[in-house]
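Engineer: missing the sequence, but the structure's below:
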């Protein structure tokens, strides 16, 4: 299937590792010129170099999206070689905190990084998409937006805000040729997740090795229809579809890629 994104320029925020890296690599493989964003120069350039070695087109944009100045720097770098047609708002973070541990300052920090950072990039890049009559904005959300856990409440809440802003943006973009949608992952097996779950394994009685820990961790934490963690490439594929011409009629939607973790029909 040809996604018809050859020649489009895509900025994937937080793409020096994890889901963002996988997404950038897939968009590049489909012919898009990708902009790799990160705060660490070496890690960011390493991803871009890998894409170029594979025959793709990649540049880098360094900056902290949690500040107005950093976001402006990233937007300037991302558009240095041409306008951005695709914005994937992926950058974000969370800390494993309880309600007692998550201070008001932590809530404020999480909201700024996970929500306002994406708003900054939308404000920088979407007006030009609107003027050109074509564009794609894909926000990476998560199942915790609608089915929150009792832990890291500050993160759960920011995911709900990300979903909400993406739908509001879609309504604002009515008739422009620009779409805004959400890809909502379940628990995806990036390196940090594997390390965290493996460390929990012995204390929770899940086992000592990853082979022992994974099925027990899935059953305890993320029971789903496939009995496993998701893969970064599975999230990237959903993003790529939403960026394509095949998704022209999808607006303000959430595509869940979670193996059936979220039980709701809607």
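Structural biologist: Perfect, I can see it now. Just so it is clear, the model here is predicted, and its values are computed rather than measured.

Engineer: contacts only, for residue 201.
Structural biologist: Going by C-beta atoms under 8 Å, 6 or more residues apart in numbering, residue 201 touches 207, 208, 212, 213, 216, 217. Where you see a C-beta, it was placed from the backbone N, CA and C, and this is true even at glycine.

Engineer: try 10 Å this time
Structural biologist: Listed by C-beta atoms under 10 Å, 6 or more residues apart in numbering, the contact partners of residue 201 are 207, 208, 209, 210, 212, 213, 214, 216, 217.

Engineer: which SSE is it in?
Structural biologist: Taking DSSP states H and E as the criterion, residue 201 maps to helix 191-204.

Engineer: now do residue 60
Structural biologist: strand 57-62.

Engineer: thought residue 109 was touching residue 154?
Structural biologist: Yes. Using C-beta atoms under 10 Å, residue 109 is in contact with residue 154, at 8.2 Å.

Engineer: which one of these two is surrounded by more residues?
Structural biologist: Ranked by neighbour count (other C-beta atoms under 10 Å), residue 109 and residue 154 place residue 154 first, with 21 against 15.

Engineer: residues in contact with that one?
Structural biologist: Shown in contact with residue 154 (C-beta under 10 Å, 6+ apart): 94-95, 97, 99, 101-104, 106-111, 114.

Engineer: now do 6 Å
Structural biologist: 102, 106, 107, 110 (C-beta atoms under 6 Å, 6 or more residues apart in numbering).

Engineer: just these now: which is nearest residue 70?
Structural biologist: Among the contacts of residue 154, residue 110 lies closest to residue 70 (C-beta to C-beta), at 17.0 Å.

Engineer: check what pLDDT the closest one gets.
Structural biologist: Looking at residue 110, its pLDDT reads 98.

Engineer: go on, the one 5 residues further on?
Structural biologist: The pLDDT attached to residue 115 in the predicted structure is 98.

Engineer: which residue packs closest to it, ignoring adjacent ones?
Structural biologist: Spatial nearest neighbour of residue 115, excluding adjacent residues (C-beta to C-beta, 6 or more residues apart in numbering): residue 161 at 4.7 Å.

Engineer: quick check: that neighbour vs residue 110, distance?
Structural biologist: Taking C-beta to C-beta, to the nearest Å as the measure, residue 161 falls 10 Å from residue 110.
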